[in-house]
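Novice: I would like to see how this sequence folds:
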Amino acid sequence: MYVHFIEEDNTTRYPALEQLTNHPFHLWEDHSKGSSMLSLASGFLNDEQFYMILLVIVSISQLINICAIIANSLSIAVFVQLGFSEPSNISLTALAICDFTLAVLLTWNNLCFWLTYHNVRLPFHVLNVNFLTGGAQWTFLSSTVAWITAFISFERCLCILLPLKVRRLITPRGTFVVMLIIILLTFCPSFFLYIRYKFVWEFNPYLNLTILNTSLVNSEFAVLFEKISIVICGVIQPLLAFSIVVICTVLLVVQLRKISSWRLSVTSAKSQRVRPEENPATSSPSAKLRISQKEERLVRMVVAIATIFIMSYIPTCIGILCNVVFDEFHPFGVYKRLSIVSAYITSLGQPISGSVNIIIYYKMASKFRSVFRRLVCLDRQEQERHELE
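Specialist: Got it, this is the predicted structure:
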């Protein structure tokens, strides 16, 4: 969701040009696109509407981020106490850590917005430095969250489709290695942006001091590497991970319905005292559905997590597709204001998902609920209340 300068026709443009404009969020008007297109674009949102919408979104985002930071901190503490003997605990801990980091990065992004909006004079270019210290990392880390969720959903699919072999296929050590690989392939490439961008000290005549800023590296290799990384990490990876989550979630829901029907048929067969050969529990298709109730609860929890993720990630996918399909839907295109507002709106989805996950854990995982209550001293408070009564 970051907004940063780009290079067009060998000209570097900045979204925040406080040394050249009256307002730090003044938007460039590219008259080469034609006055009619500019009139159409400016008709959607005027200056007052644009700034007011961003202020409202950032304020809401900050409240959500605080909730996400607290919720994921508690989730991480609970999973640490539960231990990592179960592969699911490892993947869910990795998800909580990424959600926590996303909320911290988005908090930093919002702080930079406020500093720029109120035109606070600092010894660095706030938005451009924020791009290399938070904005880009947030974008790449959101893809990491998508892939971790995809792995969790895929793991649960294996538990249902291959219940007798999954213990050998999915081990704690293997899950830990998979988490590292996902982070290396999705988040770590964000640091390769330093090949294309670098920090520089430059004199700002408006502030009359030397400030820290960012600059483009115009080598052919750096430009090519940036384009490839944006296409792979910014478009292909998140859309592919989202597709995997959707497919696995649909499969899990279908299998859960089959399991519920199978349990109902077994109960009905026992009540009618049918012959063993007629009992559905002994048939080979039904044998594949005989998973423990513990596993079934875990599958239902994963379905809930994946469903929340899908709902929160749909706006991000729509934004990615709009950037791909519409050439002018970016911070320096004709529809620049709509692009920036949509980017801030889509950034709300994942902290909301990260905040809600702890409620799902608490409601659907008995061990998590027990440790959580002990961690926040709820059991002690209830015990003292009963003693007073």
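Novice: residue contacts, the residue positioned nearest the centre of the chain?
Specialist: Against the mean C-alpha coordinate of the chain, by CA atoms, centre = their mean, the closest residue is residue 142 at 3.6 Å. Applying CB atoms under 8 Å, 6 or more residues apart in numbering to residue 142 gives the contacts 102, 238, 316, 350. Glycine gets a C-beta too; all of them are placed from N, C-alpha and C.
Novice: ok, so what distance separates it from residue 367?
Specialist: Noted for residue 142: a distance of 29 Å to residue 367, by CB to CB, to the nearest Å.
Novice: follow-up on the earlier one: for the contacts of residue 142, name the two members farthest from one another.
Specialist: Checked with CB to CB, these reach their widest spread between 102 and 238, with 13.3 Å between them.
Novice: before we move on, back to that, would you format the contacts of residue 142 as a markdown table with neighbour count included?
Specialist: Below are the contacts of residue 142 laid out as a markdown table (neighbours: other CB atoms under 10 Å):
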| residue | neighbour count |
| --- | --- |
| 102 | 25 |
| 238 | 23 |
| 316 | 24 |
| 350 | 27 |
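Novice: on that earlier part again, tell me the buried residues in the helix or strand hosting the residue nearest to the centre of the chain?
Specialist: In this assignment (DSSP states H and E), residue 142 forms part of helix 136-161. The neighbour-count check on helix 136-161 (16 or more other CB atoms under 10 Å) flags 136-157, 159-160 as buried.
Novice: Flag every buried residue along the helix or strand that comes right after that helix.
Specialist: Downstream of helix 136-161, the first helix or strand assigned by DSSP H and E is helix 166-169. Neighbour-count burial for helix 166-169 flags residue 166 (criterion: 16+ other CB under 10 Å).
Novice: quick check: mean pLDDT across helix 166-169?
Specialist: Helix 166-169 shows a mean pLDDT of 79.
Novice: try stretch 324-337
Specialist: 72.
Novice: heads up, I number from 73, so please use that
Specialist: Let's use 73 as the start, then, which means that last one is stretch 396-409.
Novice: Could I get the full set of strands for this protein?
Specialist: 79-80, 83-84, 269-276, 281-288 (DSSP state E).
Novice: Distance to residue 260, mean neighbour count and mean pLDDT for those strands - can I get that in a markdown table?
Specialist: A markdown table is the format used below for those (distance: least, CB to CB, whole Å; neighbours: other CB atoms under 10 Å; pLDDT from 0 to 100):
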| stretch | distance to residue 260 | mean neighbour count | mean pLDDT |
| --- | --- | --- | --- |
| strand 79-80 | 24 | 12 | 38 |
| strand 83-84 | 27 | 10 | 37 |
| strand 269-276 | 16 | 13 | 88 |
| strand 281-288 | 20 | 16 | 87 |
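Novice: what's the closest of those strands to residue 397?
Specialist: Of the strands of the chain, the one closest to residue 397 (CB to CB) turns out to be strand 79-80, at 19.7 Å.
Novice: If anything else comes up later, I'll come back, but that's it for now.
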